[in-house]
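Participant: what follows is a predicted structure for the sequence shown.
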Amino acid sequence: MSNSLQNTSSSLSAGQEGRNASPTPAWELRPIPVNPWDVALCVAGTLVSCENAVVIALIVYTPTLRAPVFALIGSLALADLLAGLGLILNFVVTYLINAGFVTLLSAGLLITAFSASVLSVLAITVDRYLSLYNALTYHTERTVTFTYVTLVLMWLISATLGSLPVLGWNCLGDEATCSVCRPVNKNNAAALAVSFLLIFALILQLYLQICKIAFRHAQQIAVQHQFMATSHASSTTKGVSTLSAILGTFALCWVPFAMYSLVADTHYPAVYTYATALPAICNSIINPIIYAFRNPDIQRSLRVACCGCMPHSFTLRPRTPSDV
């Protein structure tokens, strides 16, 4: 994003320097002015990296966090961690290195990371749906195998998408074809945006099915156990509210950027790109709070890591995705 601003300022300065008879030594060239938006993205990337590194460390070093859902949460944290590192690398490339191949690597890392992040959210949603739809067979070896096969396929797809800029699907050869996210060209940016909107529609449909199953279970319990109807109805309502907050946050963070990528081009003011991209990046800050730090087992592991003591209420039972 910021590379396009850098190229514009470089071309302007080149026109002014052409008027001078003698070339300016390389060590006397003025540094590129730092864009405050790029600083904000770099700071956000640092926060994303640190926050998700904590989640990964807790999952890796806690033996009790070995259920399939924690592998999915770990995948989401790893994707967001790579996204944060990609934002930091993008800042370094823009203002320190400015090499074409390194720019493509930085863009590829960001595409891989954010693709894996969105696909991990989809995988967690599918896992929640299956845990309710097939509650009796959820804790089986087939579920574990399915989870890890899903993770492998998900990261292969993300890595393939991330390799496209390096393989030639970029606009470095023709700046007129650049999207608002340089060096990704317009066609690739549009394809990624449409793919995201389709994934979001699938996530929305799955959450609607989860709500239907939850309300159907609540009605069955109300018929069989009248004294438990009120408490279970309250729990179901709370769960639906939580799912609505998760879905709403995901939509507010990603949909504006996806829609803007479909309609905008490089002639649009760069501030619009930054204003829509920053909420999408903030989603990687919110993900650990929604999917990791709200989980009771991860909370206990965090207390143990921080204070070195084992709470008396610590239990070793595996939790289902509905608890996450």
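Facilitator: Noted; the coordinates are in hand.

Participant: surely Asp80 is in contact with Ser284?
Facilitator: Yes. Using Cβ atoms under 8 Å, Asp80 is in contact with Ser284, at 3.9 Å. Every residue, glycine included, has its C-beta placed from N, CA and C.

Participant: joint contacts of those two?
Facilitator: Applying Cβ atoms under 8 Å, 6 or more residues apart in numbering, one finds that Asp80 and Ser284 are jointly contacted by Val48, Asn52, Ser117.

Participant: narrow those to those in helices?
Facilitator: The helices, defined by DSSP state H, take in Val48, Asn52, Ser117 from those.

Participant: so which of these wins on neighbours?
Facilitator: Most neighbours among these, by other Cβ atoms under 10 Å: Val48, with 30 neighbours.

Participant: from what I can see that one touches Leu82, true?
Facilitator: No. Between Val48 and Leu82 there is no contact under Cβ under 8 Å: 9.5 Å.

Participant: which SSE is immediately downstream of whatever helix or strand Thr103 lives in?
Facilitator: Using DSSP states H and E, Thr103 sits in helix 100-133. Note on helix 100-133: by DSSP H and E, the next helix or strand toward the C-terminus is helix 141-163.

Participant: in whatever helix or strand comes next after that next one, what's buried?
Facilitator: Using DSSP H and E, the helix or strand that follows helix 141-163 towards the C-terminus is helix 186-224. Using 16 or more other Cβ atoms under 10 Å as the test for burial, helix 186-224 gives 186, 188-193, 195-196, 199-200, 203, 206-207, 210, 214, 218, 221.

Participant: again with stretch 155-171
Facilitator: Neighbour count says stretch 155-171 has Trp155, Ser158, Leu161, Gly162, Leu164, Pro165, Trp169, Asn170, Cys171 buried, by 16+ other Cβ under 10 Å.

Participant: between those, which sits nearest Ser244?
Facilitator: Ser244 has its nearest neighbour among the buried residues of stretch 155-171 in Ser158, at 27.4 Å by Cβ to Cβ.

Participant: settle this for me: the closest one is touching Leu119, isn't it.
Facilitator: Yes. Counting by Cβ under 8 Å, Ser158 touches Leu119, with 6.4 Å between them.

Participant: phi and psi next, for Pro165.
Facilitator: The phi/psi pair for Pro165 (degrees, to the nearest 10) reads phi -60, psi -40.

Participant: Pro183 is in contact with that one, correct?
Facilitator: Yes. With contacts counted by Cβ under 8 Å, Pro165 reaches Pro183, the gap being 6.0 Å.

Participant: any stretches of this structure with poor pLDDT?
Facilitator: For the chain, the stretches with pLDDT under 70 are 1-32, 98-99, 135-139, 141-142, 217-240, 308-324.

Participant: need the residue closest to the centroid of it.
Facilitator: Of all residues in the chain, the one closest to the mean position by Cα atoms, centre = their mean is Ser117, 3.6 Å from it.

Participant: and it, how far from Ala71?
Facilitator: According to Cβ to Cβ, to the nearest Å, Ser117 and Ala71 sit 15 Å apart.

Participant: again, but for Thr62
Facilitator: 13 Å.

Participant: cool, and Arg216?
Facilitator: 29 Å.

Participant: surely Leu81 touches Val54?
Facilitator: No. Contact between Leu81 and Val54 fails when scored by Cβ under 8 Å: they sit 9.8 Å apart.

Participant: those two: which is more packed in?
Facilitator: Using other Cβ under 10 Å as the criterion, Leu81 and Val54 rank with Leu81 on top: 24 against 17.

Participant: now the helix or strand hosting the more buried one: buried residues?
Facilitator: Using DSSP H and E, Leu81 sits within helix 68-92. By 16+ other Cβ under 10 Å, the buried positions in helix 68-92 come out as 68-91.

Participant: how far does it sit from the chain's center?
Facilitator: Relative to its chain's centre, helix 68-92 lies at 7 Å (Cα atoms, centre = their mean, to the nearest Å).

Participant: ok, stretch 268-288 next?
Facilitator: In this view, stretch 268-288 has its centroid 11 Å away from the chain centroid, taken as Cα atoms, centre = their mean.

Participant: stretch 58-68 too?
Facilitator: Remark: stretch 58-68 is offset 21 Å from the chain centroid, using Cα atoms, centre = their mean.

Participant: how about residues contacting it?
Facilitator: 70, 73-74, 77, 127, 143-144, 147-148, 292, 297-298, 301-302, 304-305, 316, 318-319.

Participant: excluding residues flanking it in the chain, which one is nearest Val39?
Facilitator: Nearest non-adjacent residue to Val39, counting by Cβ to Cβ, 6 or more residues apart in numbering: Phe91, 7.8 Å away.
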